[in-house]
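1. Sequence and predicted model, in that order:
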Amino acid sequence: MKKIIQNKRGALTDLFLFIIIAIIILFISGIFIYMGNRVKNQLDEDIGDMQTPSGEYYNETIDDTFGDVNVAYQSLYWVSIFIIVAMIISIFIGNHLITTRPIFFVPYIFITIIAIIVSVGISNVYQRVVENPTLASTFSGFIGSNYIMYYLPIWVTVIGFVGGIIMFVKMKSEEVVFQ
């Protein structure tokens, strides 16, 4: 494990991975929650009042199965923000563990600026999806995640520049130690 950490040379794509993974996690979680509620409601409408041959109503079975699934899906609201915050922390830790050269400062700044520009478009698309009347009730529960995605350009700016400071300040302190 130590050898893997010592040979890590780049963190230039971490911001893009953060943006992509965060949006994928939120869309997949939103789809699971939306479809779970939708399937349960449709089953309640279609077969909820029917009885099994043993005399049990199907709505009890639906509540025992899809009701529990929907309760489990509710945890995706806080799991998604936990994963996003963990990715932010991992970017900072990864930047601390990287051994880099001063020549990479300029590309890091350019890539951070490009990530900021890309995050503006992603944030706008996310806002449009969330404000869709069909999905608005589903995505309203993602309070922390929505906050991060609405202000994604600011978050990417802060993460990029703080990560750069962590990476390049460490580089300067290593030079002092080795001289």
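-> Nice, I can see it.

2. Next, the buried residues of the longest helix seen in the chain.
-> In the chain, taking DSSP state H as the definition, the longest helix is helix 14-47. Using 16 or more other C-beta atoms under 10 Å as the test for burial, helix 14-47 gives 14-15, 18-19, 22-23, 25-26, 29-30, 32-34, 36-37, 40, 43-44. Bear in mind the C-beta positions are built from the backbone N, C-alpha and C, glycine included.

3. Which SSE is immediately downstream of that helix?
-> The first helix or strand that comes after helix 14-47 along the chain, using DSSP states H and E, is helix 58-62.

4. outside of the helix or strand that that following helix is followed by, which residues touch it?
-> Remark: after helix 58-62, the chain's next helix or strand is helix 68-73, criterion DSSP H and E. The contact list for helix 68-73 (C-beta atoms under 8 Å, 6 or more residues apart in numbering) reads 29, 32, 33, 36, 37, 40.

5. surely the fifth one meets residue 138?
-> Yes - with contact taken as C-beta atoms under 8 Å, residue 37 and residue 138 are classed as touching, separated by 7.4 Å.

6. Now the residue positioned nearest the centre of the chain: closest residue in space that isn't a chain neighbour?
-> Centroid-nearest residue in the chain, with C-alpha atoms, centre = their mean: residue 22, separated by 2.5 Å. Closest residue to residue 22 apart from its sequence neighbours, by C-beta to C-beta, 6 or more residues apart in numbering: residue 84 at 5.2 Å.

7. Alright, I will stop here.
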